[in-house]
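A.B. asks: okay, here's the prediction I keep looking at, along with the sequence it came from:
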Amino acid sequence: MKSRILLFLPLLGFLGLSFFFYQGLSMDPSARDSPLLAQPFPTFNLTTLENPSRRVNESLFEGQVTLVNVWGEWCPTCKHEMPQLLDLVTRGVRLVGINYKDTQAKGLEFLEEFGNPFEVNIFDPEGNLGFELGVYGAPESFVVDTEGTIRYKHTGYITPEDVERVIQEIEKWQR
């Protein structure tokens, strides 16, 4: 009798693990809230992609609501997102880019080919600022209010359907 029960233990263990794996697969990783929401934008002092002698820091975000977009030339999804970013600029949205884990030459080539909707591109070749922001991968976007506080995070690329939602988030924080 005991040996029959022991035969079913591996099956029960497999079914239990399968349930937990299934639950994990059904979760949406983009639905996770950022721990940085309602926190000041991380401090940094980096150069810009377009002008390596120009340094910028977090004061860049004070005074105007800004959509900060993390992108890279190596990111195929970033290419698909560019029309939506260009559309946001035509609607009056201020965009600042973070060129993430890239080279200057490749970043500039990307902007030449796909357009440059960004007022400034922060050059983050080592990914340190991205790490401070908790970036999982490009593209990711953050709405930063007039005082430099992160108010919204969008994981993944901004689809045409997402444009209105992003604009609503930006309008919510304009004063």
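C.D. replies: That came through, no problem. Computed from a predicted model, the values in this text were never measured in an experiment.

A.B. asks: okay, and the helix or strand of the chain with the least pLDDT?
C.D. replies: Ranked by mean pLDDT, DSSP states H and E, the weakest helix or strand in the chain is helix 2-25, scoring a mean of 60.

A.B. asks: which one is the most centrally placed residue in the chain nearest to, not counting chain neighbours?
C.D. replies: The residue lying closest to the centre of the chain (C-alpha atoms, centre = their mean) is Glu140, at 1.4 Å. Nearest residue to Glu140, sequence neighbours excluded (C-beta to C-beta, 6 or more residues apart in numbering): Val70, at 4.7 Å. Just so you know, the C-beta spots here come from the backbone N, C-alpha and C atoms, and that holds for glycine as well.

A.B. asks: likewise Asp102?
C.D. replies: Nearest one to Asp102, counting by C-beta to C-beta, 6+ apart, is Gly72 at 4.7 Å.

A.B. asks: now do the buried residues in stretch 152-163.
C.D. replies: Tyr152, Lys153, His154, Thr155, Gly156, Tyr157, Ile158, Val163 (16 or more other C-beta atoms under 10 Å).
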